[in-house]
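> Need coordinates for the below:
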Amino acid sequence: MTEGRPPADTSASLWERDAEIAAVSQALDVLCADQSSAGSLLLVRGEAGLGKTALLAETRRIAERRGCTVWSARGGETLRSVPFNVVRQLLQPALVPLLPDEARAYLGDWYDIAGPALGIADPGGRSADPQYVCDGLVAAVHSLARRRWPLVLLVDDAHWADQETLHWLAAFVEHLDDISVLVVVARRPGEVSGDSARHLDTVAAAAGVSNLSALTPAATAGLTRTTLGRHADDPFCREVWAVTGGNPYDTVELLAKVRDSELQPVEAQAGELRALNRSARGGGLVDRLKGLGLEATQFAWAAAILGTGISVDMVARLAGLSPEAAQDCAELLGTARILTAPEPTGHRGVEPRPDELEFVHPLIATAVYNSIPPAMRTAMHGVAAQIVTETGRGAAEASRHLLKIHPDDDEELVEQLREAAREHLAVGAPDAARRCLERALKEPPRPEVHAHVLYELGCATLLTAPAVTIDHLQFALGMPGLDGDRRVDAVIRLSQALLHNDQLEEAVRTVEAEAARHEPGPVRMRLQAVQFMWEGIHGEIASPARSQRLAELAGTCTGRDNSERALLILRGFDAMTHGESAQEVLELCDRALVNGRLAPGLGWTDREWGIELLMMLGTSYAYADRLDRAESLFAEALRAYTSAGWHGGHLSLANAFLGLAYRRQGRLRDAESTLREALRLAERVGRGLPLYWAAICGLVDTLLARGHVDEAWSTAERYGFAPPYPSTIMLPDIRTVRGRLLLAAGHTEDGINELEAAEKTAASRGGHNPVLAPWSIDLAKALATQDPDRAARLAAEARRQAERFGTDTAIGEALRCAAALETGRRAVSLAAQAVAYLEASPCQYEHAAARVEYGIAARSVAELNRGLVLARSCGADGLVAQARQVLETGRGLR
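Next up, the predicted model:
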């Protein structure tokens, strides 16, 4: 819009916003044309007062005229600590009027996960996985969008949105191709940092961005004449622009002051504009507020403290006013353009209450809040917290006020903050829980409670900030009050944090020292089991001496309790990784089960032992040729974590290890899809963690087995599958897979170097399993031409170790290697023996490869065809192509 008069019902802040309104109209055209259309996202960015809110209001007007459902929400400067505040505003009114069964029908399986975050369902007893809650909120909007199409979502002041909402929004915009919805987000530039800034950057990257600019002098003149009359002269209009900088909000406020003061819009009066402008905002606004009287000022202060859900009766309680006086103040502040009735929510039957209020503009809310004397502001937050608690809204809702109160050795406040932290954790808001517990420490807690608060804080930050967790738990353990099971749990959690922080040796020393404090018995045995578990997972600590100690301790165990069962699993895993008898491995693992199943208290979601122990159990079965049990265990993990709502690292690892089981079985297509899902989940948790390496290592190994060498290489490049590697033992062996990749891609020298590095690592750990870490087999094949003597020695050693381990797969693979180094009848004989062993093995890809190799060595069409059928069933495209090529050539076949 230019200097011409805008339509009567159009906001003055929409002058010169034709391009932005056109973009909105175009997006609505796409949305309304086809329910199967992809969603779209518009981002409106501009400094305070440039008309973002007005543009969203115009979007609502146009959309509702087109028959769209429009829901809106807005961030608040003083509400950023309230988790899910904005997404609750957006969705809660549509769901609250529903009966529980109706809401469950809307949200489906996500009701129990997303419902507590939205405030429409009670949380469960455990901490919710933040990523799963985020996924649930995305799914909730997906469901609502289908039912309420065409749906438009408006999010104003996103720079002040809570971090949990921004996490959801960033995830949601990545799914817009699948959801027919229009999302319009308005924000100021800057204003945020950390994770919130990262989430908003994700939103911006997916959006069509409109950067609002100030009004031109011509538009300011048009707006001035529209407001004050066409007799406003050019010098006066130019001064309006000079004073306001073309800011639409400042311009509208200044012109309102001009009209109220009956100032004539002519050059002779233009000098008065700067003084009038100062009175419209900042200090001038505060002076204007004070001019309305003490009660009106107190009412405005109370409204600014509440920030959201401002009602006359709530403000009256906080300001200490009678209902009648409060109503008078509300009307007075409305006339003064400080408070106003809220915009409609867009939810049918859930319109704002008659006594509900909001500030006319965020700039006014900020100015009023900052004008409250600090001591008074703190006291009012304390009263607000009490009112919220008395009205039954819970400790979590009161916590944003409690966080503003000065420390005063108040043990009741400490307990309120601890309860608020528990409520935050239950809905998937660990950062909010952390803030509450950190504030509780400042109170401070009583000496006998202090260690417990530190412990709870350490638990809340375990996965998000391991270094911080270490400090909190070490302090807690050094203070009185943390005894019994809670102390032991704190020690174990501290050791986990040390591992996450790459302090491996200190993690081991921590549990070792705690074990030494206890007499022989279940507690000491549990701590010893944890110590052996960390040593076993983190290969740099593994040694023959450790294996001997573990064998001696496990030798005393019968599996009568979970500590003994843990030691049996650890001993079985250790024996498997070092290539000891597979039969003994299976016996140890079977003794750790109860009637063939996981013991009570030792399940996938039981927190006492964690995921690592059961992953060891499953992989011991996988590499000892009991793939049926491995698959059953890992599939159970997948079901358990999905059902419990653990959609972060736990679910990624469950997918990664189930993919490992599929890869071992020869179900390469299933393995690839499952490992890709593991990698997708791992990336959301963070690159560089062991679970990330497990996913990418398994995926590259599977792609190589499928014969997709170029894709394996590009995947490795994309996801950083290269040194430096984690010290954690990776399954399959990370150096072997990397070496195999380099050889397949033609980088022979680098591949040999990588496999030789794997050889040195195995030697430092006291031996290896030739199936788990088949570097010797790959290295022997790579050296067959340039160093045949060494290749033969490697192959012979691989066969010796395979026969020691004793599985059909291990022996069959060693025989395949030996056959590859031979020619003539010797090669045929060894290949035939390899087929015989691998035919009895559950590893069908290796069986298929042996069949094809035997067919080539024996020049047998029948064997090649058998291998071809097996390769097709596995999804081993490289083997299929190899067999076809030999069959099509046909030379020398019989």
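> Residue 195 against residue 165, yeah?
No: using C-beta atoms under 8 Å, residue 195 makes no contact with residue 165, being 11.8 Å away. For glycine as for every other residue, the C-beta is placed from the backbone atoms N, C-alpha and C.
> Which residue of the two possesses the greater neighbour count?
Taking other C-beta atoms under 10 Å, residue 195 and residue 165 do not tie; residue 165 has more neighbours (29 against 14).
> and the gap between that one and residue 85?
Per C-beta to C-beta, to the nearest Å, residue 165 is found 7 Å from residue 85.
> okay, and the common contacts of the two?
When contacts are counted by C-beta atoms under 8 Å, 6 or more residues apart in numbering, residue 165 and residue 85 have residue 75 as shared neighbours.
> Now do the helices in the stretch 501-650 of the chain.
In the stretch 501-650 of the chain, helices defined by DSSP state H, counting those that start in this stretch lie at 504-516, 522-537, 544-554, 562-577, 582-591, 611-623, 627-644, 649-665, listed in chain order.
> Turn those helices into CSV, columns for mean pLDDT.
As requested, the helices of the stretch 501-650 of the chain are exported to CSV (pLDDT from 0 to 100):
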stretch, mean pLDDT
helix 504-516, 90
helix 522-537, 86
helix 544-554, 87
helix 562-577, 93
helix 582-591, 96
helix 611-623, 94
helix 627-644, 91
helix 649-665, 94
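> which stretch among these comes nearest residue 36?
Among the helices of the stretch 501-650 of the chain, the nearest to residue 36 by C-beta to C-beta is helix 627-644 (28.1 Å).
> ok now the closest one, how far from the chain's centre?
22 Å (C-alpha atoms, centre = their mean, to the nearest Å).
> Same question for stretch 440-451.
31 Å.
> Give me the contact list for that stretch.
So stretch 440-451 is contacted by 407-411, 413-414, 417-418, 421, 452-454, 457, 475-477, 479-482 (C-beta under 8 Å, 6+ apart).
> who's in contact with the closest residue to residue 361 other than its chain neighbours?
In this structure, residue 361 finds its nearest non-sequential neighbour in residue 249, 6.1 Å apart by C-beta to C-beta, 6 or more residues apart in numbering. By C-beta under 8 Å, 6+ apart, the contact set of residue 249 is 13, 48-51, 361, 363.
> Just the buried residues of stretch 169-182, please?
By neighbour count on 16 or more other C-beta atoms under 10 Å, the buried set for stretch 169-182 is 169-173, 176, 179-182.
> Which two of the residues you listed have the greatest separation?
Pairwise across those, and taking C-beta to C-beta, the largest span is found between 170 and 180, at 19.6 Å.
> can you tell me which residue is nearest the centre of this protein?
residue 131 (4.1 Å; C-alpha atoms, centre = their mean).
> Might one say that that one is in contact with residue 682?
No: counting by C-beta under 8 Å, residue 682 is not a contact partner of residue 131; they are 11.2 Å apart.
> After the helix or strand of the chain with the lowest mean pLDDT, which helix or strand is next?
Lowest mean confidence among the helices and strands of the chain (mean pLDDT, DSSP states H and E): helix 283-291, at a mean of 76. Where DSSP states H and E defines the elements, the next helix or strand beyond helix 283-291 is helix 294-306.
> contacts for that next one?
Here helix 294-306 makes contact (C-beta under 8 Å, 6+ apart) with 78, 289-290, 310, 314-316, 318-321, 325-326, 328-330, 332-333, 338-339, 357, 359, 365, 368-369, 371-372, 376-377, 380-381, 384, 401.
> which parts of that helix are buried?
Buried residues in helix 294-306, counted by 16+ other C-beta under 10 Å: 295-306.
> Return the member of those nearest to residue 731.
Looking across the buried residues of helix 294-306 and measuring by C-beta to C-beta, the closest to residue 731 is residue 306, at 54.5 Å.
> and the strand or helix carrying residue 397 with helix 294-306, angle?
Under the criterion of DSSP H and E, residue 397 resides in helix 395-402. Counting by axes from the mean of the first three to the mean of the last three C-alpha atoms, to 10 degrees, helix 395-402 lies at 120 degrees to helix 294-306.
> Report the rounded mean pLDDT for helix 395-402.
For helix 395-402, mean pLDDT is 90.
> how about the CA coordinates for that helix, as PDB?
The C-alpha trace of helix 395-402 is given here as PDB (Å, rounded to 0.1, in the frame of the first residue of the first chain):
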ATOM      1  CA  ALA A 395       3.900 -26.500  41.100                       C
ATOM      2  CA  ALA A 396       5.100 -26.500  37.400                       C
ATOM      3  CA  GLU A 397       2.900 -23.600  36.500                       C
ATOM      4  CA  ALA A 398       3.900 -21.700  39.700                       C
ATOM      5  CA  SER A 399       7.600 -22.300  39.100                       C
ATOM      6  CA  ARG A 400       8.000 -19.500  36.600                       C
ATOM      7  CA  HIS A 401       7.200 -17.100  39.400                       C
ATOM      8  CA  LEU A 402       9.200 -19.000  42.000                       C
END
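> Run through who's touching that helix.
78-79, 81-83, 305, 381-382, 384-386, 388-389, 413, 416-417, 419-420, 423-424, 427, 432, 435-436, 439.
> Can you say which of these are buried?
78-79, 81-83, 305, 381-382, 384-385, 388-389, 413, 416-417, 419-420, 423-424, 427, 432, 435-436, 439.
> taking these one by one, which sit in helices?
Mapping those onto helices (DSSP state H) picks out 305, 381-382, 384-385, 388-389, 413, 416-417, 419-420, 423-424, 432, 435-436, 439.
> Return the subset of the contacts of stretch 440-451 lying in helices.
Using DSSP H, those in helices are 411, 413-414, 417-418, 421, 452-454, 457, 475-477.
> Need the max-distance pair from those.
Longest span within the ones in helices among the contacts of stretch 440-451, C-beta to C-beta: 413 and 477, 25.0 Å.
> ok so, going back, now pLDDT, secondary structure and distance to residue 230 too, for the contacts of residue 249, in JSON lines please.
As requested, the contacts of residue 249 are exported to JSON lines (pLDDT from 0 to 100; DSSP: H, G, I helix; E, B strand; the rest coil; distance: C-beta to C-beta, whole Å):
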{"residue": "13", "pLDDT": "71", "secondary structure": "helix", "distance to residue 230": "21"}
{"residue": "48", "pLDDT": "87", "secondary structure": "coil", "distance to residue 230": "30"}
{"residue": "49", "pLDDT": "86", "secondary structure": "coil", "distance to residue 230": "25"}
{"residue": "50", "pLDDT": "89", "secondary structure": "coil", "distance to residue 230": "26"}
{"residue": "51", "pLDDT": "87", "secondary structure": "coil", "distance to residue 230": "23"}
{"residue": "361", "pLDDT": "82", "secondary structure": "coil", "distance to residue 230": "28"}
{"residue": "363", "pLDDT": "82", "secondary structure": "helix", "distance to residue 230": "30"}
